[in-house]
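*Asks:* Fold the following, please.
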Amino acid sequence: MLVILDRDGVINEYDGSYICSPTQWHPLPGSLDAIGRLCVAGYRVAIATNQSGVGRGYYDLDTLEAMHDKLRQLLKGHGGVIDFIAFCPHHPDERCQCRKPATGLFDQIREHFGLATLEGAIMVGDSRKDLEAGLAVGCETYLVRTGNGVETEAHLQERPLEGVGVFDNLASLTDHLLANNSL
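*Replies:* From the prediction side, this is the model:
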């Protein structure tokens, strides 16, 4: 089973400000342990993340990779592995096909894993863009209330998306998945 995670606001702290260095990148409480538990249970984990800070010139690709290296190193202590990271480095004005809610990042993930479809994969995000992209490719899609999640949940009351589950954080969603899904 494949789990696709948004990064900022799902795995790490996010308050709407750009995270521009590894020293500014801090995991949310319980998120690394949750990823570790998913991996130990046999799930494969990928990340689909918009990183327009690259396109805006706030940080470069080497810095982005250093942030991802920090994540990978911290995960080792929890038994977790990120199998693939798909990121969109483009400025929103570039109108690329990879920036969520477009599905280009999901196409990269699907191709990386050699899958014909992402139907049945799990997508976890904190924004409407994440949810729309996950639903568009047939993922079982979940909103977490961390990062932008509380605000997103309020907006979903006005403009609902069908079939989106809501959990407090990645740890509580992981509890649910491990209790209810068998691989």
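
*Asks:* immediately after the helix or strand hosting residue 156, which helix or strand?
*Replies:* Here residue 156 sits within helix 149-158, counting by DSSP states H and E. Per DSSP H and E, the first helix or strand lying C-terminal to helix 149-158 is strand 164-167.

*Asks:* how about that next one: buried residues?
*Replies:* Buried residues in strand 164-167, counted by 16 or more other Cβ atoms under 10 Å: 164, 167. The way it works is simple: take the backbone N, C-alpha and C, and place the C-beta from them, glycine included.

*Asks:* Next: stretch 85-103.
*Replies:* Residues 85-90, 98-100, 102-103 are the ones in stretch 85-103 that count as buried (16+ other Cβ under 10 Å).

*Asks:* and the lengthiest strand in the chain, which strands flank it?
*Replies:* For the chain, the longest strand by residue count, based on DSSP state E, is strand 44-50. Applying DSSP bridges to the sheet, strand 44-50 is found paired with strand 2-5 (parallel), strand 84-88 (parallel).

*Asks:* What score does the residue sitting furthest away from the middle of the chain have for pLDDT?
*Replies:* Distance from the C-alpha centroid of the chain, by Cα atoms, centre = their mean, peaks at residue 158 (23.7 Å). Residue 158 is assigned a predicted lDDT (pLDDT) of 94.
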